[in-house]
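J.: Pasted the sequence and its predicted model underneath.
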Amino acid sequence: MKYLYFAIFKQNSDKQYEVSFPDLDPHAATFGNTLSEALHMAKDSLEGYLLTAEDFDEPLPKASDATSLSVDSGDLLIPIEVDASIARSREENRSIKKTLTIPKYLNDLGNKNKINFSATLTEALKEKLDVK
């Protein structure tokens, strides 16, 4: 199931970004030293909260509409989307066997260069699908 909640990013006096989810307050709060890190931490925190809520059959609040949320000047209101099925699969972190076909010359070059085909395919898929 996909979820979308809005997060408020507030820069503190130490130039860190504090992140809160108004609909989930005080749950899933986090921070980052940079905006990029705070975005990553916000998604990670939201995933953890949502998976735990699902595990314990806890009801989740309905996500607010962006227009109903107010933020202070200088703060950022950013939507954070989580696909719980992908997050849960990633949490299980198990590998499955896939059979695939590649051109012979790539196989030969890969073997010659001691390429780990599974790791290479995994990295390429993560990049292509924009997942971590």
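T.: Now that the structure is in, tell me what you want to look at.
J.: can we go C-alpha only for contacts and neighbour counts from here?
T.: Noted.
J.: need the contact list for the residue nearest to Asn12 when sequence neighbours are not counted.
T.: Closest residue in space to Asn12, ignoring its immediate chain neighbours: Glu18 at 6.9 Å, by C-alpha to C-alpha, 6 or more residues apart in numbering. For Glu18, the contact set (C-alpha atoms under 8 Å, 6 or more residues apart in numbering) comprises Ile8, Phe9, Lys10, Gln11, Asn12, Ala29, Thr30, Phe31, Gly32, Ala38.
J.: most neighbours, which of the residues you listed?
T.: Phe9 (25 neighbours; other C-alpha atoms under 10 Å).
J.: wait, that one sits on Tyr17?
T.: Yes: proximity of Phe9 to Tyr17 meets the contact threshold set by C-alpha atoms under 8 Å, at 5.9 Å.
J.: quick one, strands of this protein?
T.: Counting by DSSP state E, the chain has strands at residues 2-11, 17-20, 30-32, 76-83.
J.: Other residues contacting the shortest one?
T.: Applying C-alpha under 8 Å, 6+ apart, the set of residues contacting strand 30-32 from outside is Gln16, Tyr17, Glu18, Val19, Ser20, Glu37, Ala38, Leu39, Met41, Ala42, Ser45.
J.: What pLDDT does the model give the nearest residue to the last one once chain neighbours are set aside?
T.: So that's Ser45. Nearest residue to Ser45, sequence neighbours excluded (C-alpha to C-alpha, 6+ apart): Ala28, at 5.2 Å. If you check Ala28, the pLDDT there is 91.
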